[in-house]
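*Asks:* the amino acid sequence is not available; the structure is as follows:
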Ligand code: OGA
Ligand code: ZN
């Protein structure tokens, strides 16, 4: 009998067959394995970056021998003479990743019935396990609300820096959201804002927005959030033709002021190569559909209306008051945000916002996962 932990391995043509614990088999082509050699000839061990151009490997590469010196670790000899060791665990984990996965929590789609609104008390430099839990919630739901963030101006930049690198734009490192007579953006007035994604006119679009409430003395100005991915999936099922039109019509978005002129084109619903949702680009105050043949244009307007009506429906919307010290951080490529109108005569409503990108929180999540796997005690103390 094989020692425990030993797995069955065999060579089948140009592929290696690994047997999983449940008895099913994973076949791995030799060339795919060859690209993953982790020895000093194949890669620089410090950076783990490849030293060889994998396009130079023989397209007909095969495996000559495979052995398992210790359970779960195997050594193969390739037909180009190279030998290398692998762990079955690493290979099976990589093989199991869905095609579009970021190797971070998958989005958990939500609507107005969401009960577990991710809302936590802020503290600067939290222990690893707590920070990891925040990131898990943020990556799953696409947002998190922090309470008790000091209402010192510019603290939003410190919160942003906890998760990534803040992005400076023509609005500056941070922007003040309050009603002013010289507004360069409707956000800086008191009007209501329908659900939108921010800055679809930029390349690249900001990945994450943070909004920190410094003051709110008005009765209006409620914040709204909608899970654009949840709405898009409902549209995909209910109105497949509308969904399809919105994935292939490149809409131009524009921003204009005395010093700046930004435009970018994107379909309102952007898919990745597997057909999964990648981003929503939606801002009814800034979008300009190109002049298409009449019937196509009518079909687009109908599709946009189907999408927009759902985005504005109460069944999908979370609505809440941001109080001084509250800060909402959300995925600007997945969620849409907005606010109800308010009367500036009632008092001051002042938010400060900034942008960071999605790679920051995703990287931090993976680094913390690695750390916590090494020290499970830190994880329990959360
Ligand atoms: C914005 C925005 C919402 C608010 O500044 O992009 O949408 O609550 N603000 O004022
Ligand atoms: Zn906005």
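*Replies:* Now that the structure is in, tell me what you want to look at. The model shown is predicted, which means the values in this text are computed figures rather than measured ones. Residues are numbered from 1 along each chain as shown. Ligands and ions are numbered 1, 2, ... in the order given.

*Asks:* quick check: residues of this structure near ligand 1?
*Replies:* 177, 187, 193, 198, 223, 337, 339, 351, 353 (C-beta under 6 Å from any ligand atom). Placement of C-beta: from N, CA and C, glycine included.

*Asks:* out of those residues, which are buried?
*Replies:* 177, 187, 193, 198, 223, 337, 339, 351, 353 (16 or more other C-beta atoms under 10 Å).

*Asks:* got a list of what the closest residue to ligand 1 within the stretch 101-250 of the chain touches?
*Replies:* Proximity of the stretch 101-250 of the chain to ligand 1 (C-beta to the nearest ligand atom) peaks at residue 187, 3.5 Å away. Residue 187 sits next to 177, 193 when contact means C-beta atoms under 8 Å, 6 or more residues apart in numbering.

*Asks:* flag every buried residue along stretch 263-274.
*Replies:* Buried residues in stretch 263-274 (16+ other C-beta under 10 Å): 264, 266-271.

*Asks:* ok, now stretch 142-159?
*Replies:* 142-146, 149, 151, 155-157, 159.

*Asks:* in helices, which of those residues fall?
*Replies:* Among those, the ones falling in helices (DSSP state H) are 155-157, 159.

*Asks:* that older thread, give me the pLDDT for the residue of the stretch 101-250 of the chain closest to ligand 1.
*Replies:* As predicted, residue 187 sits at a pLDDT of 87.

*Asks:* same thing with the one 5 residues further on?
*Replies:* Per-residue confidence for residue 192 comes out at a pLDDT of 94.

*Asks:* from memory residue 224 sits against residue 341, does it?
*Replies:* No - under the criterion of C-beta atoms under 8 Å, residue 224 makes no contact with residue 341, lying 11.7 Å away.

*Asks:* who has more neighbours out of these two?
*Replies:* Per other C-beta atoms under 10 Å, whichever of residue 224 and residue 341 has more neighbours is residue 224, with 20 against 13.

*Asks:* roughly how far does that one sit from residue 141?
*Replies:* 15 Å (C-beta to C-beta, to the nearest Å).

*Asks:* do residue 198 as well
*Replies:* Residue 198 is 18 Å from residue 141, by C-beta to C-beta.

*Asks:* which stretches in the stretch 151-300 of the chain count as helices?
*Replies:* Ranges of helices in the stretch 151-300 of the chain, per DSSP state H, counting those that start in this stretch, are 155-163, 228-238, 240-248, 294-311.

*Asks:* using CSV, lay out those helices together with distance to residue 116 and mean pLDDT.
*Replies:* Output for those, formatted as CSV (distance: least, C-beta to C-beta, whole Å; pLDDT from 0 to 100):
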stretch, distance to residue 116, mean pLDDT
helix 155-163, 21, 98
helix 228-238, 15, 98
helix 240-248, 28, 98
helix 294-311, 22, 98
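
*Asks:* in CSV, list these along with distance to residue 113.
*Replies:* Converted to CSV, these look like this (distance: least, C-beta to C-beta, whole Å):
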stretch, distance to residue 113
helix 155-163, 28
helix 228-238, 11
helix 240-248, 22
helix 294-311, 15
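
*Asks:* on that earlier part again, let's have the ones in helices among the buried residues of stretch 142-159 in a markdown table, adding distance to residue 325.
*Replies:* Output for those, formatted as a markdown table (distance: C-beta to C-beta, whole Å):
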| residue | distance to residue 325 |
| --- | --- |
| 155 | 9 |
| 156 | 12 |
| 157 | 16 |
| 159 | 12 |
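
*Asks:* which one of those residues is nearest residue 29?
*Replies:* Nearest to residue 29, judged by C-beta to C-beta, of these is residue 159 at 45.3 Å.

*Asks:* quick one: residues contacting that closest one.
*Replies:* 122, 146, 149, 210, 212, 327, 329.

*Asks:* surely residue 84 meets residue 75?
*Replies:* Yes - with contact defined as C-beta under 8 Å, residue 84 counts as touching residue 75 (7.1 Å).

*Asks:* residue 326 reaches residue 151, doesn't it?
*Replies:* No - when contacts are counted by C-beta under 8 Å, residue 326 is not listed as touching residue 151 (9.7 Å).

*Asks:* quickly list what's touching both of the two.
*Replies:* In contact with both residue 326 and residue 151: residue 213, using C-beta under 8 Å, 6+ apart.

*Asks:* the stretch 251-382 of the chain: strands as residue ranges?
*Replies:* For the stretch 251-382 of the chain, strands defined by DSSP state E, counting those that start in this stretch occupy the ranges 251-256, 261-266, 269-271, 277-280, 287-288, 317-320, 327-331, 335-339, 349-356.

*Asks:* format these as a markdown table; extra columns: mean pLDDT.
*Replies:* Formatted as a markdown table, those follow (pLDDT from 0 to 100):
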| stretch | mean pLDDT |
| --- | --- |
| strand 251-256 | 95 |
| strand 261-266 | 98 |
| strand 269-271 | 98 |
| strand 277-280 | 98 |
| strand 287-288 | 95 |
| strand 317-320 | 97 |
| strand 327-331 | 98 |
| strand 335-339 | 97 |
| strand 349-356 | 97 |
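
*Asks:* could you take those strands and lay them out as TSV, with extra columns for distance to residue 10?
*Replies:* Below are those laid out as TSV (distance: least, C-beta to C-beta, whole Å):
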stretch	distance to residue 10
strand 251-256	53
strand 261-266	48
strand 269-271	38
strand 277-280	38
strand 287-288	56
strand 317-320	53
strand 327-331	44
strand 335-339	48
strand 349-356	48
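
*Asks:* how about the nearest residue to residue 329, chain neighbours excluded?
*Replies:* Spatial nearest neighbour of residue 329, chain neighbours left out: residue 210 (4.7 Å); criterion: C-beta to C-beta, 6 or more residues apart in numbering.
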